[in-house]
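A.B. asks: dropping the sequence and predicted coords here.
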Amino acid sequence: MAARVGLLPHAILVSSRALPTPRARVPYPLPPVPSYLRHASSSASRSCRASPRFVAVRAMASGNPYAAELAAAKKAVTLAAKLCQTVQQDIMHSGVQAKADKSPVTVADYGSQILVGFSLKMDVSSGPFSLVAEEDSDELRKDGAEEILEDITDLVNETIFDDGSYNISFTKEGILSAIDDGKSEGGPSGRHWVLDPIDGTKGFLRGDQYAIALALLDEGKVVLGVLACPNLPLSSINNINGNSSGDKVGALFSATIGCGAQVESLDGSPPQKISVCSIDNPVNASFFESYESAHSMHDLTGSIAEKLGVQAPPVRIDSQAKYGALARGDGAIYLRFPHKGYREKIWDHAAGSIVVTEAGGIVTDAAGNDLDFSKGRFLDLDTGIIATNKELMPSLLKAVQEAIKETNQAASLL
Ligand SMILES: Nc1ncnc2c1ncn2[C@@H]1O[C@H](COP(=O)(O)O)[C@@H](OP(=O)(O)O)[C@H]1O
Ligand SMILES: [Mg+2]
């Protein structure tokens, strides 16, 4: 493992280290390499790629038409998770910037977005590349951002080097261009990758839960989703406080349309099929919601839970890790009710929602409508998002609508 460099303010980039040894190669014509990349070696990047013909045969054999994209998506978020883990463990509070909307952004947000976009570009060969992602480079192009740009460049290059899959390094200009690869508007036609490079930034900065969330839209529908959750116990969220010792941490959820949902460890155990819980009596249910009360109205969710007869206290965790936990039955319900005026973004729900639906659950808005990911970067919702199993959904919807009505009536009396 090479020494890490470039994160701390006075760190020096070690440029004389040995490059990774190229692995065995499958000879085939490479797609054009993005112009912003500087090759350390023009041949080694072939080492991790299979030929497009081989990928197609493998996809058909698995019965999953998106098998190649799924493999690429898992690899991309796993690489990004390495970078995020490094930052969270070592320098959680260094390099924090303020975005226009005041949410914290770290070098890890940018680094994760660069690595996912880059890895997908290298490994998914067919068609034009479109990425709808959370971050852009505007802040990094301003005066005074030189140091943080250098930190990001070092961190990204160090992660690529340590991982060993690609023998490539980025220039600073390359880093800025790579971030801006995520500026696609998405929409109802064609294929678009949808990425939240660190979902749950506040949890990340607190040292809690976060996720790298990546989905694929095909003709306006989510057809694939992966959620890397580096801090989530592998078998159950109920072990989060150490109730059951020995559970491994670091879960990778994945789902493709019509093929079910799985979980595996981030360091590569065989995938296990998952399904939502079969609880049909709300008295036995527990519910997930945002840790941050600014992201979801805890008083409204409390009143919904009360109407349903839920006995357990809310389980508050950050990020789409909630969707993953719901999909494997750690809890029965997920409630999300942003404060008035907030517009939900597609990258905050695309991956999580397919993981839940492919695990047998249902995800809708507060009126019971399917989420529509085809309208661009935003989900057009004005109420909230709910998710649960098929058994509980009718009573949940009823409780939600009653609680919203009561809240609106109370507000109109003020
Ligand atoms: N006022 C608000 N209301 C609802 N969601 C908000 C919000 N401000 C930020 N968010 C979104 O909530 C996400 C985190 O969700 P959760 O509360 O489930 O952890 C954030 O993702 P990022 O952390 O990627 O910015 C952000 O997109
Ligand atoms: Mg997010």
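C.D. replies: That came through, no problem. Ligands and ions are numbered 1, 2, ... in the order given.

A.B. asks: wait, doesn't residue 150 sit right on residue 172?
C.D. replies: Yes: between residue 150 and residue 172 there is a contact at 6.9 Å, judged by CB atoms under 8 Å. Every residue, glycine included, has its C-beta placed from N, CA and C.

A.B. asks: the more surrounded of those two?
C.D. replies: More crowded of residue 150 and residue 172, by other CB atoms under 10 Å: residue 150, with 17 against 14.

A.B. asks: and stretch 131-142, which residues are buried?
C.D. replies: 131-137, 139-140 (16 or more other CB atoms under 10 Å).

A.B. asks: can you check stretch 152-171 too?
C.D. replies: Neighbour-count burial for stretch 152-171 flags 152-163, 165-170 (criterion: 16+ other CB under 10 Å).

A.B. asks: how about the residues of the chain near ligand 2?
C.D. replies: Within the chain, the residues that sit near ligand 2 (CB under 5 Å from the ion) are 196, 199, 348.

A.B. asks: okay if I get those residues as JSON lines plus secondary structure, distance to residue 410 and pLDDT?
C.D. replies: Shown next, in JSON lines, are the residues of the chain next to ligand 2 (DSSP: H, G, I helix; E, B strand; the rest coil; distance: CB to CB, whole Å; pLDDT from 0 to 100):
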{"residue": "196", "secondary structure": "strand", "distance to residue 410": "34", "pLDDT": "98"}
{"residue": "199", "secondary structure": "strand", "distance to residue 410": "32", "pLDDT": "97"}
{"residue": "348", "secondary structure": "helix", "distance to residue 410": "28", "pLDDT": "98"}
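
A.B. asks: now, which of the residues you listed sits nearest residue 66?
C.D. replies: residue 196 (19.5 Å; CB to CB).

A.B. asks: show me the longest helix that occurs in the chain.
C.D. replies: Secondary structure of the chain read by DSSP state H shows that its longest helix is helix 67-91.

A.B. asks: does ligand 1 have contacts with that one?
C.D. replies: No: with CB under 6 Å from any ligand atom as the measure, helix 67-91 is seen stopping short of ligand 1, the closest distance being 11.9 Å.

A.B. asks: distance between that helix and the chain's centre?
C.D. replies: Between the centre of helix 67-91 and the centre of its host chain there is 10 Å, according to CA atoms, centre = their mean, to the nearest Å.

A.B. asks: tell me the mean pLDDT over it?
C.D. replies: Over the span of helix 67-91, the pLDDT mean works out to 92.

A.B. asks: which strands and helices sit next to it?
C.D. replies: helix 52-62, helix 107-123, helix 146-163, strand 191-199, strand 211-218, strand 221-233, strand 249-256 (3 or more CB pairs under 8 Å, 6 or more residues apart in numbering; DSSP states H and E).

A.B. asks: partner strands of the helix or strand following the third one and their direction?
C.D. replies: What it means is helix 146-163. The first helix or strand that comes after helix 146-163 along the chain, using DSSP states H and E, is strand 168-170. In the sheet, strand 168-170 lines up against strand 37-39 (antiparallel) (DSSP bridges).

A.B. asks: need the contact list for the closest residue to ligand 2 within the stretch 1-150 of the chain.
C.D. replies: Distances from the stretch 1-150 of the chain to ligand 2, computed as CB to the ion, single out residue 134 as the nearest residue at 6.4 Å. By CB atoms under 8 Å, 6 or more residues apart in numbering, the contact set of residue 134 is 109, 113, 182, 195-197, 345, 347.
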